[in-house]
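A.B. asks: Structure of the sequence below:
(chains A and B)
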2 protein chains.
Amino acid sequence: MKIVKSIRDMQSYMFHLKKSGKSIGFVPTMGYLHEGHQQLMTKAREENDIVVTSIFVNPLQFGPNEDYERYPRDEVHDTNIAEKEQVDILFYPHVNEMYPKDQTIKMTVHQRVNVLCGQSRPGHFDGVVTILAKLFNIVYPDYVYFGMKDAQQVAVVDALVQDYNFPVQLRPIATVREQDGLAKSSRNVNLSNQERNEAPYIYQALLHGQELIREGEHDAQGIIQEVSHFIHTHTHGKIDYVDLLSYPDLERVNQLHEQVILAVAVYFKHARLIDNVVLDQDGSFATAIV
Amino acid sequence: MKIVKSIRDMQSYMFHLKKSGKSIGFVPTMGYLHEGHQQLMTKAREENDIVVTSIFVNPLQFGPNEDYERYPRDEVHDTNIAEKEQVDILFYPHVNEMYPKDQTIKMTVHQRVNVLCGQSRPGHFDGVVTILAKLFNIVYPDYVYFGMKDAQQVAVVDALVQDYNFPVQLRPIATVREQDGLAKSSRNVNLSNQERNEAPYIYQALLHGQELIREGEHDAQGIIQEVSHFIHTHTHGKIDYVDLLSYPDLERVNQLHEQVILAVAVYFKHARLIDNVVLDQDGSFATAIV
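C.D. replies: Numbering: from 1, shown residues only, chains lettered A, B, ... in the order given. All right, here's what the predicted structure looks like:
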């Protein structure tokens, strides 16, 4: 595995690979790699000649009350994981390499952001699209991989690619689940035993919502209430949100006539868990997500 | 000459050329091509295997009081000019192709804009960088050509390329002048005979400013006053601005210790003329402009 730290080296190396006609799969990360990232790398490995991963803790996507400095970093661990996943090139730039000075030109996301988790993180996605625009111009990927666990991020990256015609195809990868349906997350270890037993009901609640749609329920508020009630009944978690929005536009819907996302966030004592399903209007799992 | 109207066709064709290792020179325009554009095409032709020109009247760079609808368009004339200049590919998209809907993600320029001509055109350069980001992702140019007549535009495009790591090299091309030094412009035909005789003093005023710097004058305000006085003395034009700023940062300078731009805009009765020189701190013409 080749480790590259400079933008100039990366661009010249990637240009060389691109010219040779090899397909390039890209997994951008902030490091501290876990099973979710590995899933993306596995998929990228299956689908491409060359797999590139970037590790960069992007200060622009942290809010003033979010602790950029304390975000966990582990170069040795991450390098080992990437090596194990047969990543060909690891782009690992220093913050001064990516942001030698403040951006003169800023990107701001005006839709798809003031809902779901984005509500409580103003400016977060501005930072995400800024770093991705830069990375796309450095890595020249054919395919870029993101997990559907963060479905809002996928929607925002879709807007970036569409709005600015980046010649890259977005590959959203299905959320990986435990056998009991709980979405895998590094935060699951912070659940108590009882909470861990209750947590699978979050996904059960989403499937309950799906079932309602399948049965012909088209009223968004009705479905949201049923799903919320299901979570209340089966867990001690505190609901942050349950929402049903068009996808990937993430706009409020009253009646279901398009692809939608049913998404939830639930606080347990030491962990906030999120999950979602993207559904066609008949309630079946969506296949062409973006 | 190949004329391409769709983004998808353009990307697949350009990708094919890029892979073959050919260098791509790009001249983005809003059409109604004149000698200034031709100069850029000639330069692009000299320096590249493939020359691409785009013609697109970009609504985003027009202010609410600027007449997007009435901007002149002449497809036959433009196609002939491009053909004559041995352009290989003319990208000529419809507005709905470039902006099928409002941008979800907006680009805004926060520096280099509230001075010179940018002062009176709020939002103009936001539109310029948005369309260029899109065009760079469609054309994949190695070199992009702009005239130094609009030096502020060059400075803003430089910020775009730097901030977002676009793999393209900016080639600023020197202003073309009449024998008497007047910068060529389609607006020169709107000058009366007397005004046409006076207009060369605009460039003379810039050279006078250059002379002052060469002689050791380092006080920006003093130079600005001298240049303004020179224009007042030799013409009946009304000065819009005379300014001396760092280049390409376009920040105010008191004492000259870096590359600067000396720029002027002068109103005559039916024409507003602009001109500039970019100078090293010793007063010589700058060679490495960006």
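
A.B. asks: what about the residue in the stretch 1-150 of chain A positioned nearest to chain B, neighbour count?
C.D. replies: Chain B sits closest to A:T104 of the stretch 1-150 of chain A, with a gap of 4.0 Å, by C-beta to the nearest C-beta. C-beta coordinates here come from the backbone N, C-alpha and C atoms, glycine included. Neighbour count of A:T104, defined by other C-beta atoms under 10 Å in any protein chain shown: 22.

A.B. asks: who touches it in this structure?
C.D. replies: Going by C-beta atoms under 8 Å, 6 or more residues apart in numbering or on different chains, A:T104 touches B:V109, B:H110, B:Q111, B:R112, B:A159, B:Q162, B:D163.

A.B. asks: and chain A, which of its residues are near chain B?
C.D. replies: When proximity is defined by C-beta under 8 Å from any C-beta of the partner chain, chain A lies next to chain B at A:7, A:11, A:15, A:18-19, A:21, A:103-112, A:129, A:133-134, A:137-138, A:140, A:156, A:159-160, A:162-167.

A.B. asks: now the residue of the stretch 1-150 of chain A closest to chain B, nearest residue through space, not along the chain?
C.D. replies: Leaving aside its sequence neighbours, A:T104 sits nearest to B:A159 (C-beta to C-beta, 6 or more residues apart in numbering or on different chains; 4.0 Å).

A.B. asks: In three-state terms, label the one you found for me.
C.D. replies: Following DSSP: H, G, I helix; E, B strand; the rest coil, B:A159 is assigned to helix.

A.B. asks: wait, isn't it in contact with A:K106?
C.D. replies: No - B:A159 is not in contact with A:K106 according to C-beta atoms under 8 Å; the separation is 10.8 Å.

A.B. asks: So the two - more neighbours on which side?
C.D. replies: Shown here are B:A159 and A:K106; by other C-beta under 10 Å, B:A159 has more neighbours (23 against 16).

A.B. asks: That one and B:K22, how far apart?
C.D. replies: Applying C-beta to C-beta, to the nearest Å, the value for B:A159 to B:K22 is 28 Å.

A.B. asks: A:I231 too?
C.D. replies: 58 Å.

A.B. asks: ok, now which ones touch the residue of the stretch 151-290 of chain A found nearest chain B?
C.D. replies: Nearest residue of the stretch 151-290 of chain A to chain B: A:A159, at 4.0 Å (C-beta to the nearest C-beta). Contacts for A:A159 (C-beta under 8 Å, 6+ apart) come out as A:V109, A:Q111, A:R112, A:V129, A:P248, B:T104, B:I105.

A.B. asks: rerun at 10 Å
C.D. replies: A:109-113, A:125, A:129, A:248-250, A:290, B:103-105 (C-beta atoms under 10 Å, 6 or more residues apart in numbering or on different chains).

A.B. asks: can I assume A:Y145 sits in a helix?
C.D. replies: No - when classified by three-state DSSP, A:Y145 is found to be strand rather than part of a helix.

A.B. asks: What ranges does the stretch 101-250 of chain A have for its helices?
C.D. replies: For the stretch 101-250 of chain A, the helices defined by DSSP state H, counting those that start in this stretch occupy A:124-139, A:151-164, A:193-198, A:200-214, A:220-234.

A.B. asks: Run the angle between the first one and strand A:143-147 for me.
C.D. replies: So that's helix A:124-139. 150 degrees (axes from the mean of the first three to the mean of the last three C-alpha atoms, to 10 degrees).

A.B. asks: Over to the second one?
C.D. replies: Compare the direction of helix A:151-164 with that of strand A:143-147 by the same axes, to 10 degrees and you get 150 degrees.

A.B. asks: Pull helix A:151-164 out as PDB, backbone CA atoms only.
C.D. replies: Extracted in PDB, the C-alpha atoms of helix A:151-164 (Å, rounded to 0.1, in the frame of the first residue of the first chain):
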ATOM      1  CA  ALA A 151     -28.400   8.700   4.700                       C
ATOM      2  CA  GLN A 152     -28.400  12.500   5.000                       C
ATOM      3  CA  GLN A 153     -24.700  12.600   4.100                       C
ATOM      4  CA  VAL A 154     -25.400  10.500   1.000                       C
ATOM      5  CA  ALA A 155     -28.200  12.900   0.000                       C
ATOM      6  CA  VAL A 156     -25.900  15.900   0.400                       C
ATOM      7  CA  VAL A 157     -23.100  14.300  -1.600                       C
ATOM      8  CA  ASP A 158     -25.600  13.500  -4.300                       C
ATOM      9  CA  ALA A 159     -26.400  17.200  -4.500                       C
ATOM     10  CA  LEU A 160     -22.700  18.000  -4.700                       C
ATOM     11  CA  VAL A 161     -22.200  15.600  -7.600                       C
ATOM     12  CA  GLN A 162     -25.300  16.800  -9.400                       C
ATOM     13  CA  ASP A 163     -24.800  20.500  -8.900                       C
ATOM     14  CA  TYR A 164     -21.200  20.600  -9.900                       C
END
